[in-house]
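Visitor: Quick one: sequence plus predicted model below, questions after.
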Protein chains: 2
Amino acid sequence: MATATLPSDTIAGLAALIRRRQVSPVEITRMVLDRIAAVDRRLNSFITVCADEAIQAARAAASEIARGRYRGPLHGVPVSVKDLMAMRGHRLTGGSKILADHVPDFDATVVARLREAGTVIVGKTNLHEFAYGVTNNNVHYGPVRNPWDTSRIPGGSSGGSAVAVAAGLGAGTLGSDTGGSVRIPAALCGLVGLKVTYGRVSRHGVLPLSWSLDTVGPLAWTAEDAAILLRAIAGADPRDPSSSDAPVPDYQGGLRGGIRGLRVGRPRQYMFDLVDSEVAAAVEEAIGVLRSLGAEVEEVSTPWLDDAISAAAAIVHAEAAAYHLAWLRTRPQDYGDEVRERLLVGTSLPAVAYVQAQRTRSLLIAQMEVVWRAVDVLVAPTTPAPAARIGDATVPVNGREMDVRTTFIRCTYPVNFLGLPSISVPCGFTRAGLPVAFQIIGRPFAEDVLLRAAHAYQQQTDWHVRRPPLA
Amino acid sequence: MATATLPSDTIAGLAALIRRRQVSPVEITRMVLDRIAAVDRRLNSFITVCADEAIQAARAAASEIARGRYRGPLHGVPVSVKDLMAMRGHRLTGGSKILADHVPDFDATVVARLREAGTVIVGKTNLHEFAYGVTNNNVHYGPVRNPWDTSRIPGGSSGGSAVAVAAGLGAGTLGSDTGGSVRIPAALCGLVGLKVTYGRVSRHGVLPLSWSLDTVGPLAWTAEDAAILLRAIAGADPRDPSSSDAPVPDYQGGLRGGIRGLRVGRPRQYMFDLVDSEVAAAVEEAIGVLRSLGAEVEEVSTPWLDDAISAAAAIVHAEAAAYHLAWLRTRPQDYGDEVRERLLVGTSLPAVAYVQAQRTRSLLIAQMEVVWRAVDVLVAPTTPAPAARIGDATVPVNGREMDVRTTFIRCTYPVNFLGLPSISVPCGFTRAGLPVAFQIIGRPFAEDVLLRAAHAYQQQTDWHVRRPPLA
């Protein structure tokens, strides 16, 4: 395998080498493409590999850098994007049969911004069909396998993206997160995953699951790498009216400074209920690390978080069904059973339930204002359990078999409902060697705070330095 | 009648007298209360008259002004508010039987702001039940009568508000506009009515009809008076998260300057179809006046305006039904037939129709950006026909009998759907002596432009100087 020769598998690590011209983007890109060829038949993390285009982009980057035109820490760095995002001239499948031959003639804004930053996009990653699920057990393109244990799911829906980074098939990637689809696979694969504030990153050219909740965000090994990726993709986009014109800080520059005095809230209700004991122990330990770094941890009361789940489901069901309505009528057989059934539920939902869910959303967002007076961030497990086995409908939580989907979205879905940013950070491994993670949830547009906290945590711990056995 | 003794019935006119202490707010308030006692049994424009409180407020104003503490052009001026808005200690009926005995212990933000500006609130005006209709033929509180012809409707749902001003029962008023409920009664009663940009004015304490479309706005005889009222009520409100923090200009100060070079668009499609010939002629004449004032009038293409109506209806149906759901289950018999039937339609609407309507809304708002590159404002009739007869289900338009509701909302509803501000301005009378109006529609938060254009028009015309025969 090509592993031993990759000089670094983080963005910051590669950037340092590329900037000093100690390695060439072309060399790095070839290594990544070789590695994809070597391991991805098994992992199945890519739907499309753009080898020729990647080599061309790497050559262009190398040539620019040789001429002294260094664009920044993504220049010449190989990355991937979830195959939910348009990339000119390549098929945009959304993990579906319905769009298997759909080739857009434009770039999603996030893809265009990655290109402007000088990245080398090596391919488009596998995902749960139309991003509507958490297992990444894709009936059309095959299941994605978790490199920490290939009998297990990587989580989803951005599972291919997470696996691509975890297996060294690019140093960073973009996923989308509607109910946890960036954070869940990041957690199950041992990566940092950043779910951004609703509106922080343009969704132009990204297939929608739920207009009210969809976000696009980065996955990488470190908070620093996530900061670099977010800086490249964030900011207003006239082609996405839901994108915010809130200023985009220098996230990487803002990483230093530590978290002394940061007020960290530990939700008394909901978030720590029904969590596997191994996960809970690792998260408590992580909270202890934050405390040791000077954070002030206190309990906060959020008894209404329970209400978020059913309301969020009403919103996603209705919006997903509205987007898919025409295909549900003309091509029902072309959906996988799981996604078709979920979409059909949405078609029969009454409008009043949807409207009331949106009202609940406004009310809970107002409730959060009270919480934000007391604390700066919240901490919680990302997922209540580590990766489930591929094909299993349930996952054991403290010996009880729980439904896979409702278990994995339990702690992430409410965050989308509230429109908040949240970063998932690796914080340990189970005895079976599966990654475990916690999330830090912040105020709207406080991605800088989350990244700084995660960076401070990662400076103090080494969970993010381990690599899956495969690598 | 008390008419002859009222020294002025406009806000600016009264303000000039009050400021110079040529009349006392107490004197003015007594005259208005006497006048209500004299004429409102017939017109039925008030549900609640707050005589004692009004006299107290007038005395407080008089005393402040006597001490040299003049608050501004609303100080000591009698006004009314639609009985959809909370006023501490007075019942808030919403024109319904269901809330007939509902007495809130707080003020709606707009009521609080009117008080801060020093107004004397004389009472709460009649409306279409729960603001869900255009005739103001209220089965619980009786029909409101148009002072220009008491056999006719005043329009609605803010019909009581319009009649109160048109009959001299206060110099200004607040209504709400979800599909035309400020502009339609303003048009049918010969007043200026301003439908504000969605988010311009707080809705805290105002009973909702449709969260996505509801707005609160002023009615008065002149654009200047509307500017004074808007300045008092506009601006961000932490208690209404949908309120915008866009700065509030000095609308009155911005009235001068004229409209030379203003690019006025005349929609080629939809807005001028199906308009009664007398109305159409008056509107064309008004456009001619704008041209004579230096505006550049050109045709613009908005073929998609047709799509706005059915999508707007889906949104209002669903949101109204969601708000009323519990009462529809427990107290269906307490609604009037018309409103109950309309609400029941909403309960059976599928969520996907609602979601698609919201998507249509986003797309049409984006379409409008193209229009706003070519012109600064649009002009159109406010209503396709003058006031219908009370109790009639139809209204004649060029000899054809048309459904009252769909006719009167035809030109106003799309403006709510697009979230835009629009000012209705009187521009003539039919041969039968009924007021006719046109509206000027602007970019989001361009209320200042609309008020300036309406003011320039009113400086050149005298339609707003006429008073109904009753007065």
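Guide: Structure received.
Visitor: Just the C-alpha atoms of stretch A:452-465, please, in PDB.
Guide: Listed next in PDB are the C-alpha coordinates belonging to stretch A:452-465 (Å, rounded to 0.1, in the frame of the first residue of the first chain):
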ATOM      1  CA  ARG A 452     -10.900  27.300  19.100                       C
ATOM      2  CA  ALA A 453     -12.400  25.000  21.800                       C
ATOM      3  CA  ALA A 454     -11.900  21.900  19.600                       C
ATOM      4  CA  HIS A 455      -8.400  23.000  18.800                       C
ATOM      5  CA  ALA A 456      -7.500  23.600  22.500                       C
ATOM      6  CA  TYR A 457      -8.900  20.100  23.200                       C
ATOM      7  CA  GLN A 458      -6.900  18.500  20.400                       C
ATOM      8  CA  GLN A 459      -3.700  20.200  21.600                       C
ATOM      9  CA  GLN A 460      -4.200  18.400  24.900                       C
ATOM     10  CA  THR A 461      -5.200  15.000  23.500                       C
ATOM     11  CA  ASP A 462      -4.100  12.600  20.800                       C
ATOM     12  CA  TRP A 463      -7.300  10.800  19.700                       C
ATOM     13  CA  HIS A 464      -7.000  12.500  16.300                       C
ATOM     14  CA  VAL A 465      -3.500  11.200  15.800                       C
END
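Visitor: Report the buried residues of that stretch.
Guide: Across stretch A:452-465, burial judged by 16 or more other C-beta atoms under 10 Å in any protein chain shown covers A:452-458, A:461, A:463-464. In this view, the C-beta of every residue, glycine as well, is placed from N, C-alpha and C.
Visitor: Also stretch A:361-374?
Guide: Across stretch A:361-374, burial judged by 16+ other C-beta under 10 Å covers A:361, A:364, A:368, A:371-372.
Visitor: Next, format the residues you listed as TSV and append secondary structure, pLDDT and distance to chain B.
Guide: TSV is the format used below for those (DSSP: H, G, I helix; E, B strand; the rest coil; pLDDT from 0 to 100; distance: C-beta to the nearest C-beta, whole Å):
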residue	secondary structure	pLDDT	distance to chain B
A:361	helix	95	11
A:364	helix	94	12
A:368	helix	94	11
A:371	helix	96	16
A:372	helix	96	13
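Visitor: in the residues you listed, which two residues are the furthest apart from each other?
Guide: With C-beta to C-beta as the measure, no two of the buried residues of stretch A:361-374 lie farther apart than A:361 and A:372, at 16.4 Å.
Visitor: Can you pull the residues of chain A lying near chain B?
Guide: A:211, A:241, A:314, A:317-319, A:321-322, A:325, A:346-356, A:359, A:362, A:365-366 (C-beta under 8 Å from any C-beta of the partner chain).
Visitor: mind redoing it with 6 Å?
Guide: Proximity of chain A to chain B (C-beta under 6 Å from any C-beta of the partner chain) is limited to residues A:318-319, A:321-322, A:325, A:347, A:349, A:351-352, A:354-356.
Visitor: Name only those of those that count as buried.
Guide: Applying a neighbour-count criterion of 16+ other C-beta under 10 Å, the buried members of those are A:318-319, A:321-322, A:325, A:347, A:349, A:351-352, A:354-356.
Visitor: which one among these gets closest to residue A:8?
Guide: Closest to residue A:8, out of all of these and judged by C-beta to C-beta, is residue A:319, at 40.4 Å.
Visitor: pretty sure that closest one contacts residue B:356?
Guide: No - under the criterion of C-beta atoms under 6 Å, residue A:319 lies out of contact with residue B:356, with a separation of 9.7 Å.
Visitor: buried set for the longest helix along chain A?
Guide: Ranked by residue count and defined by DSSP state H, the top helix of chain A is helix A:305-330. For helix A:305-330, the neighbour count (16+ other C-beta under 10 Å) marks A:305, A:307-309, A:311-325, A:327-328 as buried.
Visitor: Could you give the average pLDDT over it?
Guide: Mean per-residue pLDDT for helix A:305-330: 96.
Visitor: Which SSE is immediately downstream of that helix?
Guide: Counting by DSSP states H and E, the element after helix A:305-330 in chain order, helix or strand, is helix A:337-347.
Visitor: what sits up against that next one?
Guide: Helix A:337-347 has contacts (C-beta atoms under 6 Å, 6 or more residues apart in numbering or on different chains) with A:129-130, A:132, A:317-318, A:320-321, A:324, A:328, B:352.
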